[in-house]
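> pasting a predicted model and its sequence here:
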Amino acid sequence: MPELPEVEIVKRGLKNTLTGQKIQSIKRHRHNLRHNIPIALETALGNSRIINFVRRGKYILMELDNQFTVLFHLGMSGKLIVQPLNTRYEKQIHEHLTLITYEEYYLKFIDPRRFGIIDLFLTKKKHKLLINMGPEPLASDEKQSEKYCKELSDYLFKKFKNKKQFIKNVLLDQHIIAGLGNIYVCEALFLSKISPFRRALSLSFEEIYSLIQSIQTILLQAIKAGGSSMRDYVHVNGKRGYFQMQWNVYGKEGEYCTFCLKLNNINKIKRGIQAGRSSFYCDLCQK
DNA sequence: CGTAACTCCTGATGGC
DNA sequence: TGCCATCAGGAGTTAC
């Protein structure tokens, strides 16, 4: 399930391979995913040049040299795959859209579960899905990281003041903070030793600050490892990420907590359900 | 308004 | 071995 690190890796892959290329043709194999794929897509993309790729939360934005930007969301199982034209083109199963460039590359959007989104908007206007999105968890400039961490903590401290929900569920809400999904929320809460069952409003400023630090640490480590590959997620070249090797709690119900072992404690990772989603945690470490 | 349940979908998994 | 129920979850929509 692609979250911020996975989407960031895909965006970088697209940027490195396709920036500057001109779109020659568009093959549409399906008219809808989660929403309808806009009818105007072929017209908007035809003969346009790709000038940049940007990530916002879990969205990828492909900016064109005309007035349009294409918005991609990978949903649960979406992939964006880039291949040179010399590998013979074959439509894969669940391939819904294919772009072909004059520079002889394919871009394929593949998504078995079809929770993904492909949409189009005018670059100078903001897409409606981006308007109410919360701030990015990472600073745009790594040197500003500490300052940004403080800013985010101030912001979240205010946001959490009247939030009665579990901290776990609040962190998953893209309108509060963008880019986090179940895996990285579980891992960040574990790292900051905060129970997923705490109510957001019960967190002190110091705890929120520590939580933001943990979120940033986890996300940066995950990006460095090329993201987490479970089933579907791969880079644009088809290679897998390996951050799943570094998970401490996610998917580890019944295994011993490694932090506890270091302190000569023995405790097993628990799994609970919150808002219909699994939460993995150590009830000895996380309070 | 805030909050929670519901919904979409396919593939992996486990029980019998 | 095959069949069926269950689960995974992002995020918009609906209901309260």
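Looks like it came in fine.

> so which bits of the stretch 151-287 of chain A are right by DNA strand B?
A:Asn162, A:Lys163, A:Lys164, A:Gln165, A:Asn169, A:Arg231, A:Ala275, A:Gly276 (CB under 7 Å from any atom of the strand). In this view, the C-beta of every residue, glycine as well, is placed from N, C-alpha and C.

> burial count for the one residue in chain A that gets nearest to DNA strand C?
At 3.3 Å from DNA strand C, A:Gly181 is the closest residue in chain A, using CB to the nearest atom of the strand. Counted with other CB atoms under 10 Å, residues neighbouring A:Gly181 total 21.

> mind listing what the nearest residue to it once chain neighbours are set aside touches?
Nearest non-adjacent residue to A:Gly181, counting by CB to CB, 6 or more residues apart in numbering: A:Glu3, 3.7 Å away. Contacts for A:Glu3 (CB atoms under 8 Å, 6 or more residues apart in numbering) come out as A:Lys58, A:Gly179, A:Leu180, A:Gly181, A:Ile183, A:Tyr184, A:Ser228.

> likewise for A:Gln286?
A:Leu189, A:Phe190, A:Lys193, A:Ile194, A:Ser195, A:Pro196.

> now swap in A:Lys15 and tell me
A:Asn52, A:Phe53.

> quick one: the helix or strand containing it to chain centroid distance?
Secondary structure assignment for A:Lys15, by DSSP states H and E: helix A:4-18. When C-alpha coordinates are averaged (CA atoms, centre = their mean, to the nearest Å), helix A:4-18 and its chain have centres 11 Å apart.

> stretch A:18-30 too?
For stretch A:18-30 - counting by CA atoms, centre = their mean - the centre lies 23 Å from the chain centre.

> identify all contacting residues around it.
Counting by CB under 8 Å, 6+ apart, A:37, A:41-42, A:45-53, A:64, A:82, A:91, A:95-103, A:105, A:107 sit against stretch A:18-30.

> those residues in helices, which ones?
A:Leu41, A:Glu42, A:Leu45 (DSSP state H).

> nearest spatial neighbour of the first one, skipping sequence neighbours?
Same thing as A:Leu41. A:Leu120 is the one closest to A:Leu41 (CB to CB, 6+ apart), at 5.8 Å.

> ok, the second one next?
With CB to CB, 6+ apart as the measure, A:Ile26 is the residue that lies nearest to A:Glu42, at 4.9 Å, once sequence neighbours are left out.
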